[in-house]
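*Asks:* Coordinates for the following, if possible.
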Amino acid sequence: MNLSLNLKFKKILFYIFIIMSMVIFINPGNELQADTSKNIKIRPDISFHKVSISRVGITAMKDHKIKLKVSVKNFSPVKTCTGPFKIKVEWRNNKKRPFILLSQAGVSNLCFDPKNKKSNIVTRYFEHLVKSGKTNFYKITIDPLSQVNESNEGNNIIYKDYTAVPMISAPVNMNTQINIEDRLPSCEGIDLIIKNVEVIRNTSGNIFIKATIKNLCTGSCTGPIIIEVDESDVLGRPGGIEQQIGSGIGSKAEYTMGSALGIANDSSRTCSYTISVRTEGGCTEPHGKTGNNTFRITIDPI
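*Replies:* Numbers count the residues shown, from 1 in each chain. Okay, here's the model as predicted:
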């Protein structure tokens, strides 16, 4: 009788052991739960999306009124928001002198949302005057007060310069014209092409570019039309020089830049530039008709 009871008791203990082992295997305890509940903090990474300088006017003394366009982006790998922070622009006209403050602009909040790419970028504008024949050097800093704890603090400064090249009234040593024939007999909407480009290089090596753009189609629109000369392949920096040449365009209409874009350069260098036309605001080219908006030119040394 006692033997039978002992066997039953041992069987009960064995089943209890099996059940407890399964519970431990399925739910190892608070230690694993604590590990899985830890929050991994992803820090934002704010850096430059695009920086460009546009000439927006010329004074009676031939000095250049310019506008710096600074676009910054949150490059976080996941959805994050950060702010506030500032964008600071400093300048000097002599490399031996320290930079002095031009202006600052604030950003209250900058998010990264993979579902809304437009919300990931903010743009601020800064205006300045460059004396004719002089070069201004600019230092642009994101978050100069270190208000944002970023994953990469080493990509928050960029340098740009702008030379107010004196305008000339006649070609010197070089006068190259590139003509693009109209290719479409009729179309709806707008389709912009760069129809004609005049490239001038003076004896100092400075380059002047004057372009004519045309709308091949019968539509019209209202919005800024901008010519851009990209010098990244020459100077190894993002962005380029821009000039607005119109505020909309009509059916089959064409515009010629009122004054040439001046680019400082060395007369001994071979230079390649990408020239493009683009629209902003309410002026858009439908059906992806942007493949004929850009071409490259190469200019030989004098």
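
*Asks:* Going by C-alpha atoms from here, please, whenever you check contacts or count neighbours.
*Replies:* Fine.

*Asks:* any idea how far residue 278 is from the nearest residue to residue 252 once chain neighbours are set aside?
*Replies:* Distances taken as C-alpha to C-alpha, 6 or more residues apart in numbering put residue 215 closest to residue 252, at 5.0 Å, once the chain neighbours are dropped. Applying C-alpha to C-alpha, to the nearest Å, one obtains 12 Å for the distance of residue 215 from residue 278.

*Asks:* Compare those two (neighbour count), which wins?
*Replies:* Per other C-alpha atoms under 10 Å, whichever of residue 215 and residue 278 has more neighbours is residue 215, with 22 against 18.

*Asks:* What average pLDDT does stretch 79-92 get?
*Replies:* Stretch 79-92 shows a mean pLDDT of 89.

*Asks:* contact partners of it?
*Replies:* Stretch 79-92 has contacts (C-alpha atoms under 8 Å, 6 or more residues apart in numbering) with 42-44, 98-114, 126, 136-148.

*Asks:* Buried ones among those residues?
*Replies:* Neighbour-count burial (16 or more other C-alpha atoms under 10 Å) applied to those gives 43-44, 99, 102, 104, 107, 110-113, 126, 136-144, 148.

*Asks:* Counting only helices, which of these make the cut?
*Replies:* With helices taken from DSSP state H, there is no overlap with the buried ones among the contacts of stretch 79-92.

*Asks:* In strands only, show me those residues.
*Replies:* Counting by DSSP state E, the part of the buried ones among the contacts of stretch 79-92 found in strands is 102, 104, 107, 110-112, 126, 136-142.

*Asks:* Tell me which two in the residues you listed are the farthest apart.
*Replies:* 112 and 136 (33.5 Å; C-alpha to C-alpha).

*Asks:* Quick one: end-to-end length of stretch 109-116, please.
*Replies:* Terminal-residue distance, stretch 109-116 (C-alpha to C-alpha): 15 Å.

*Asks:* Just the CA trace of stretch 260-271, in CSV.
*Replies:* The C-alpha trace of stretch 260-271 is given here as CSV (Å, rounded to 0.1, in the frame of the first residue of the first chain):
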residue,chain,number,x,y,z
ALA,A,260,24.0,87.8,-67.8
LEU,A,261,24.9,85.6,-64.8
GLY,A,262,28.5,86.4,-63.9
ILE,A,263,30.8,83.6,-62.6
ALA,A,264,34.3,84.3,-61.3
ASN,A,265,36.9,81.9,-62.7
ASP,A,266,40.5,81.4,-63.7
SER,A,267,41.4,82.1,-67.4
SER,A,268,43.7,79.0,-67.4
ARG,A,269,41.0,76.5,-66.4
THR,A,270,38.7,74.4,-68.5
CYS,A,271,35.2,74.7,-67.0
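
*Asks:* Quick one: low-confidence residue ranges for this protein.
*Replies:* Within the chain, the segments meeting pLDDT under 70 span 1-41, 117-119, 166-187, 203-205, 231-240, 266-267, 281-282, 284-292, 300-302.

*Asks:* Okay, domains of it per the record?
*Replies:* As assigned by automatic domain parsing, the chain contains the domains 46-163, 175-299.

*Asks:* and the angle from the top strand by length along the chain to strand 135-142?
*Replies:* Determined from DSSP E, the single longest strand within the chain is strand 46-58. Counting by axes from the mean of the first three to the mean of the last three C-alpha atoms, to 10 degrees, strand 46-58 lies at 150 degrees to strand 135-142.

*Asks:* mind listing what the helix or strand that comes right after strand 46-58 pairs with, with the direction of each?
*Replies:* Sequence-wise, the next helix or strand downstream of strand 46-58 (DSSP states H and E) is strand 64-74. Sheet pairing of strand 64-74 (DSSP bridges) gives strand 46-58 (antiparallel), strand 121-130 (antiparallel).

*Asks:* Alpha carbons only: can I get the shortest one in CSV?
*Replies:* Okay, so that is strand 121-130. Provided in CSV are the C-alpha atoms of strand 121-130 (Å, rounded to 0.1, in the frame of the first residue of the first chain):
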residue,chain,number,x,y,z
ILE,A,121,12.8,70.2,-45.3
VAL,A,122,12.7,73.8,-44.2
THR,A,123,14.1,76.8,-46.1
ARG,A,124,15.3,80.2,-44.9
TYR,A,125,16.4,83.2,-46.9
PHE,A,126,19.1,85.7,-46.2
GLU,A,127,19.8,88.9,-48.3
HIS,A,128,23.1,90.8,-48.7
LEU,A,129,24.9,93.3,-50.8
VAL,A,130,28.2,92.5,-52.6
